[in-house]
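>>> from the sequence below, what's the structure:
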Amino acid sequence: MRIAIGSDHRGYFLKGKLKNFLRSNKVPAIDVGTHSPKSCDYPLFAKRVAHLVSQARVDYGILICKTGIGSAIAANKIKNIRAALCYNIKAARFSRQHNNANILVLGSDFVSEDRAKRIVQEWLSTNFGGGRHERRLKQITNIEEE
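Numbering: from 1, shown residues only. Take a look at the predicted model:
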């Protein structure tokens, strides 16, 4: 499993903690930036992570900004991306089981480091449920192609 991870300046410190967490769990992560706490714009990093996932160069992506809202909106502009903003473990689990989310988005102002690690762990260990959810994903894909 390979992960792309990116953040703006508001997610910079949490991104570093999550990179170490992934590394300690033997999950390689490609860091697309930002590489400093200097103010920057989240759409650039959302686009970088989303393209790597969309092009199947990595399996999943993780994005972090202040609220997670803007990064989720930006990433979902890229075809085949299902970016899910998750503030708790249950939402993370359902985003994988029901929506086959391929990018996890976190809001650094809304999750602690410990909660973020638990969300990431749950998200990466949960598989897509298929079944009725497959039909719904197909409907979403059809919307992308209209």
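>>> beta-bridge partners for the most centrally placed residue in the chain, please?
Central residue of the chain (CA atoms, centre = their mean): residue 104, 2.3 Å from the mean position. For residue 104, the beta-bridge partners are residue 62, residue 84 (DSSP bridges).
>>> quick one: it and residue 62 touch, right?
Yes - between residue 104 and residue 62 a contact is recorded at 5.0 Å, counting by CB atoms under 8 Å. Where C-beta positions appear, they are placed from N, C-alpha and C, glycine not excepted.
>>> between the two, what contacts are shared?
Common neighbours of residue 104 and residue 62, counting by CB atoms under 8 Å, 6 or more residues apart in numbering, are residue 120.
>>> any regions of the chain where pLDDT drops low?
Along the chain, segments meeting pLDDT under 70 are nowhere present.
>>> would you map the strands across it?
Assigned strands in the chain, in chain order: 3-7, 29-31, 60-65, 83-85, 103-107 (criterion: DSSP state E).
>>> report the distance from the first one to the chain centre.
By that I understand strand 3-7. 7 Å (CA atoms, centre = their mean, to the nearest Å).
>>> how much does that strand deviate in direction from strand 60-65?
Angle, strand 3-7 to strand 60-65, by axes from the mean of the first three to the mean of the last three CA atoms, to 10 degrees: 10 degrees.
>>> I'd say residue 123 and residue 104 touch.
Yes - with contact defined as CB under 8 Å, residue 123 and residue 104 form a contacting pair (4.9 Å).
>>> contact partners for the residue nearest to the centre of the chain?
Counting by CB under 8 Å, 6+ apart, residue 104 has contacts 60, 61, 62, 63, 83, 84, 86, 92, 95, 119, 120, 123.
>>> pipe these into a markdown table and attach neighbour count per row.
Below are the contacts of residue 104 laid out as a markdown table (neighbours: other CB atoms under 10 Å):
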| residue | neighbour count |
| --- | --- |
| 60 | 22 |
| 61 | 30 |
| 62 | 28 |
| 63 | 31 |
| 83 | 27 |
| 84 | 22 |
| 86 | 26 |
| 92 | 24 |
| 95 | 24 |
| 119 | 24 |
| 120 | 25 |
| 123 | 22 |
